[in-house]
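Undergrad: Here is a sequence together with a model predicted from it:
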Amino acid sequence: MSELDFSAFSESDFEAKAWVNNALLPENSDPNTPADAHASNIVLKLQMFIEVVANELETTSRKVVEDMPRVIKNVEVVQEEVESLKERMAVVKHELEKVEKDTSESMSLLVKLDKLKHKIEDTSTALQEADNWTTLSENIDKAFEANDFKQIVSTLLGMQRSLMVLSDCTDYEARTARLSNLQDMFVTRICPELEEAYKSHNKESAKELVTMLKDAQRGSKGLDVYTKLHKKHILALWSELCGDEQAGLSDVMTTFYSHLIKIAQEEAQWCLDVFEDSDIVCQLLVSTLNERDPTLTDCIRRDLVLGNQLNRIAALYKQTADFVNNIPLWVPELTEAALRGFSPFQLSYETLQSQTFNEAKVNISDNLNLEDAITAIQSAVPSLLEAIQISLERCCEFTQLKALPNFINCVDTFLAQQVEKLENSLPRISILIKEAMKDNQELSMIPTVFGLIDACGEGMQGVKEFENTLKAKVLASNSAVSKRMSVYDFRDEDELAQAKFDETLRALKRGETALIVTSNRLKSFNDTVHKLAYDTVLHPICSQLVLEDVVNTQADGDDENSFSLSPLQYITKVGENLLNLPLELEPFFKDDTATETSVTGTSTTTSTMSAIALKATKLDFAPSDAQMSAVDSWLTSVAGGVMQKYVQLILEIKHLTSTGTTQLCADIGYLCNVLNALNISPLRELELLNQLLSVAPESYKESVKSMNAKPAMVKRVKDMRRIK
């Protein structure tokens with residue numbers, strides 16, 4: 001049996017029932033000991049434990065009783081000492097109060113005497129300083145006559161100290177005015193030498209003169225002279241450069257910025273030694289940039305010529321941004337002063353960008369032949385995409401995308417207008433295609449029209465990639481801008497522009513389309529091109545559906561036995577065209593299911609431009625099946641158009657003999673076999689028409705009841721077959 005845990009009895013949350021149950025558990029007993037014996041052992045041990053505890057309590061109680069008299073005696077002694085201490089503290093307090101009362105009058109007299117002493121000393125000092133002021137006032141005139149700067153400064157310092165003591169004099173203001181006049185006179189005397197020291201870059205002389213000005217309480221004058229001297233030189237250089245009619249603004253800015261960087265490099269340590277502050281150079285540059293005459297804005301306007309003005313302005317802006325990022329000394333105000341001249345152009349960014357887009361406008365002449373017109377459209381699409389991509393990079397550099405709403409609106413409007421021009425050229429291209437097919441019936445127009453479809457796909461893919469690039473740049477715009485450039489925002493005074501930017505940014509983060517108008521126009525263009533292509537592919541096949549041979553060989557009186565029940569030539573040509581169509585379409589979709597591996601090792605499925613364009617439209621008769629290949633979609637659509645046309649032509653036949661009816665059924669059966677070979681289901685209308693033509697005249701009325709055919713078709717076939 002394991003040892004019992006008696007320590008649990010001392011715990012505050014002890015429960016007797018839980019302890020007993022735990023002690024009686026099988027794992028806490030000897031397997032060979034019966035349960036009742038184990039319980040008896042536990043009771044025995046508890047009785048022994050109780051006896052031990054009782055003995056301990058008895059011993060402790062006896063000891064406490066024995067020690068109690070000694071403890072009581074000690075407590076009584078402590079109480080007596082406390083009472084004695086209390087009495088002594090009361091006596092001390094009484095004595096202190098008595099001393100304070102006896103000496104209060106003496107202390108009051110001493111305080112009065114001390115105040116009187118200080119007044120006498122102050123009066124004596126004032127009289128001495130008044131006499132000293134008079135002496136210093138006489139000496140200062142002599143120092144000015146001798147042009148002794150050190151003596152002047154020393155005397156001025158003495159007069160300043162005297163004036164501090166004479167603040168209560170009746171002529172204090174007059175004395176203050178005289179001191180101020182003397183300090184100004186000193187500044188006037190020292191400035192020529194100070195300027196000479198600045199010009200010669202004599203650090204020791206400049207430092208000494210600046211210290212004198214500080215001692216004369218005119219320390220700011222030294223900085224003013226330094227700033228004025230250099231500013232005058234820098235502004236004169238700017239004016240001279242801008243006045244050179246032979247030099248372009250880019251050359252002017254290159255020379256000017258190089259000079260400013262040189263000043264920053266040469267003057268930083270010099271100013272730190274002389275003025276104990278290198279930021280003075282930054283303040284000099286900021287002040288100079290803000291006071292340029294003519295202003296940077298005026299210079300830019302004068303420099304602009306007809307043509308791509310935005311490119312010119314953006315290039316000048318990049319020059320200035322490079323200057324801000326590369327100058328060795330910098331303060332936030334420097335960025336503002338350098339770039340503020342560009343703000344009028346940044347605020348009118350949409351207008352400038354629109355003018356730039358004029359060079360990329362689509363121009364498809366009405367005098368072009370078919371080949372040149374198709375080539376013009378195919379060339380226009382990549383040109384437009386390149387133009388907007390370049391404009392995005394320019395917007396990032398020139399505005400840090402802060403003109404985002406205006407930029408998107410400009411690009412959207414421009415692209416939509418150009419796509420509309422492309423779409424407006426399609427009717428004339430359609431006419432040219434029909435004329436070409438008329439002149440040469442063997443000529444296939446599929447490569448021609450699929451060139452247009454490729455252009456649609458390229459445009460859609462390009463716009464999608466542009467939007468992805470735009471969103472990526474917008475989300476990374478903060479990290480892409482340097483710290484020095486990030487402090488400048490040309491929209492500071494335009495709350496509406498900032499609100500539009502925030503809303504546009506939220507829309508892009510939600511995944512909304514940026515170029516909404518363009519996307520809708522591209523869809524319209526793509527739908528129109530596919531309609532043109534569909535008609536172009538369908539026309540030569542449907543033109544084979546000439547049922548004249550069927551009609552001419554079905555007149556009563558013909559030798560029906562000589563009438564062939566094999567498919568006629570017109571339908572076999574249609575079948576051949578349909579069977580050859582996949583071979584003609586495959587070159588345009590050969591990469592429709594190709595898989596390529598990106599640089600990251602990820603496999604992606606690529607699509608041809610034609611496949612991309614097809615996914616954005618809906619062909620007639622083509623099912624909405626994402627698993628169907630592009631070739632199968634086109635083949636199903638064309639076959640559906642052929643069948644629809646065939647049904648239409650058959651229903652226009654006025655009369656069919658029984659032999660003619662049999663022949664037509666054979667022709668329809670052949671077409672259905674071709675469609676089955678191409679895994680295309682016949683149209684329901686064609687199947688019903690074939691059934692109506694196959695029904696025996698005598699059972700026609702009863703048979704059509706179960707066909708679920710339209711009443712108009714049933715009546716038309718009945719009249720055609722002259723069934724009564």
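TA: Received, thanks.
Undergrad: Quick one: neighbours of Ser566, just the number.
TA: If you count neighbours by other CB atoms under 10 Å, Ser566 ends up with 10. No exception for glycine: its C-beta is placed from N, CA and C like everyone else's.
Undergrad: let me redo that: Leu579
TA: Neighbour tally, Leu579, other CB under 10 Å: 13.
Undergrad: need the contact list for it.
TA: Residues in contact with Leu579 (CB atoms under 8 Å, 6 or more residues apart in numbering) are 674, 677-678.
Undergrad: redo that, cut-off 7 Å
TA: The neighbours of Leu579, taking CB atoms under 7 Å, 6 or more residues apart in numbering as the test, are Val674.
Undergrad: any idea how far it lies from Gln663?
TA: When distance is defined by CB to CB, to the nearest Å, Leu579 is 22 Å away from Gln663.
Undergrad: Check Leu384 too.
TA: 55 Å.
Undergrad: again, but for Lys207
TA: Per CB to CB, Lys207 is found 118 Å from Gln663.
Undergrad: Comparing those two, which residue is more hemmed in?
TA: Shown here are Lys207 and Gln663; by other CB under 10 Å, Gln663 has more neighbours (24 against 17).
Undergrad: Hmm, that one is touching Pro567, no?
TA: No - using CB atoms under 7 Å, Gln663 and Pro567 do not qualify as a contacting pair, with a distance of 8.7 Å.
Undergrad: quick one: what helix or strand has Glu58 in it?
TA: Using DSSP states H and E, Glu58 maps to helix 35-146.
Undergrad: and if you look at Gln544?
TA: Counting by DSSP H and E, Gln544 is found in no helix or strand.
Undergrad: Excluding covalently adjacent residues, which one is nearest to Thr469?
TA: Leu392 (6.7 Å; CB to CB, 6 or more residues apart in numbering).
Undergrad: which strands and helices sit next to the host helix or strand of that neighbour?
TA: Assigned by DSSP H and E, Leu392 falls within helix 370-399. With contacts taken as 3 or more CB pairs under 7 Å, 6 or more residues apart in numbering; DSSP states H and E, helix 370-399 sits against helix 309-326, helix 349-357, helix 404-424, helix 426-439, helix 446-475.
Undergrad: Quick one: closest of those to Thr518.
TA: With CB to CB, the closest approach to Thr518 among the helices and strands packed on helix 370-399 belongs to helix 404-424: 4.1 Å.
Undergrad: any idea how far the closest one is from the chain center?
TA: Helix 404-424 has its C-alpha centroid displaced from the chain centroid by 22 Å (CA atoms, centre = their mean, to the nearest Å).
Undergrad: same check, this time on stretch 52-62
TA: Distance, stretch centre to chain centre, for stretch 52-62: 84 Å (CA atoms, centre = their mean).
Undergrad: what are the C-alpha coordinates of it, in PDB please?
TA: Extracted in PDB, the C-alpha atoms of stretch 52-62 (Å, rounded to 0.1, in the frame of the first residue of the first chain):
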ATOM      1  CA  VAL A  52       0.200  12.300  17.200                       C
ATOM      2  CA  VAL A  53      -1.600  15.600  16.400                       C
ATOM      3  CA  ALA A  54      -3.200  15.600  19.900                       C
ATOM      4  CA  ASN A  55       0.200  15.100  21.600                       C
ATOM      5  CA  GLU A  56       1.600  18.000  19.600                       C
ATOM      6  CA  LEU A  57      -1.300  20.300  20.600                       C
ATOM      7  CA  GLU A  58      -0.900  19.400  24.200                       C
ATOM      8  CA  THR A  59       2.800  20.100  24.200                       C
ATOM      9  CA  THR A  60       2.400  23.500  22.500                       C
ATOM     10  CA  SER A  61      -0.400  24.600  24.900                       C
ATOM     11  CA  ARG A  62       1.700  23.700  27.900                       C
END
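Undergrad: same question for that stretch, mean pLDDT?
TA: If you average the pLDDT over stretch 52-62, you get 83.
Undergrad: same deal with stretch 624-643?
TA: Rounded mean pLDDT across stretch 624-643 is 88.
Undergrad: Give me the contacts around that stretch.
TA: Stretch 624-643 is touched from outside by 534, 537-538, 541-542, 574, 578, 581-582, 585-586, 589, 592, 610-611, 614, 619-623, 675, 678, 680, 682-683, 686, with contacts defined as CB under 7 Å, 6+ apart.
Undergrad: same deal with stretch 433-445?
TA: Residues outside stretch 433-445 that contact it (CB under 7 Å, 6+ apart) are 370, 448, 536, 539-540, 584.
Undergrad: what about 8 Å?
TA: With contact meaning CB under 8 Å, 6+ apart, stretch 433-445 is reached by 370, 448-449, 532, 536-537, 539-540, 543, 584.
Undergrad: now swap in stretch 195-211 and tell me
TA: For stretch 195-211, the external contacting residues (CB under 8 Å, 6+ apart) are 149, 190, 193-194, 219, 222, 225-226, 229-230, 270, 273-275.
Undergrad: so how far is that stretch from its chain's centroid?
TA: That offset, for stretch 195-211, works out to 51 Å (CA atoms, centre = their mean).
Undergrad: that older thread, quick check: which of the helices and strands packed on helix 370-399 is buried the most?
TA: helix 404-424 (a mean of 21; mean count of other CB atoms under 10 Å).
Undergrad: Kindly calculate the angle that it makes with helix 446-475.
TA: Put simply, helix 404-424 runs at 180 degrees to helix 446-475, going by axes from the mean of the first three to the mean of the last three CA atoms, to 10 degrees.
Undergrad: same question for helix 404-424, mean pLDDT?
TA: Helix 404-424 shows a mean pLDDT of 94.
Undergrad: returning to what we had before: quick one: the residue nearest to Thr469 and Asn468 touch, right?
TA: No - Leu392 is not in contact with Asn468 according to CB atoms under 8 Å; the separation is 11.3 Å.
Undergrad: got the contact list for the residue nearest to Thr469?
TA: Contacts of Leu392 (CB under 8 Å, 6+ apart): 407, 411, 466, 469-470, 473.
Undergrad: repeat for Leu683
TA: By CB under 8 Å, 6+ apart, the neighbours of Leu683 are 621, 640, 643-644, 647.
Undergrad: Now the phi/psi pair for it, please.
TA: The phi and psi values for Leu683, taken as degrees, to the nearest 10, are phi -60, psi 150.
Undergrad: same check, this time on Met445
TA: Main-chain torsions, Met445, degrees, to the nearest 10: phi -100, psi 0.
Undergrad: Same question for Glu291.
TA: Per degrees, to the nearest 10, the backbone of Glu291 is at phi -110, psi 20.
Undergrad: How many neighbouring residues does it have?
TA: Neighbours of Glu291 (other CB under 10 Å): 13.
Undergrad: For Leu285, see how far away it is.
TA: Distance from Glu291 to Leu285, by CB to CB: 11 Å.
Undergrad: How about Arg510?
TA: 43 Å.
Undergrad: what do you get for Gln269?
TA: Taking CB to CB, one finds Gln269 at 16 Å from Leu285.
Undergrad: what's the answer for Lys45, then?
TA: 96 Å.
Undergrad: Just want to know which of these two has more residues nearby.
TA: Between Lys45 and Leu285, Leu285 has the larger neighbour count (other CB under 10 Å), namely 26 against 15.
Undergrad: List the residues that contact that one.
TA: Neighbour list for Leu285: 260, 263-264, 327, 329, 334, 337 [criterion: CB under 8 Å, 6+ apart].
Undergrad: what's the following helix or strand after the helix or strand harbouring it?
TA: Using DSSP H and E, Leu285 maps to helix 279-290. Sequence order places helix 296-303 as the next helix or strand after helix 279-290, per DSSP H and E.
Undergrad: on contacts alone, who are the packing partners of that next one?
TA: helix 249-275, helix 309-326 (3 or more CB pairs under 8 Å, 6 or more residues apart in numbering; DSSP states H and E).
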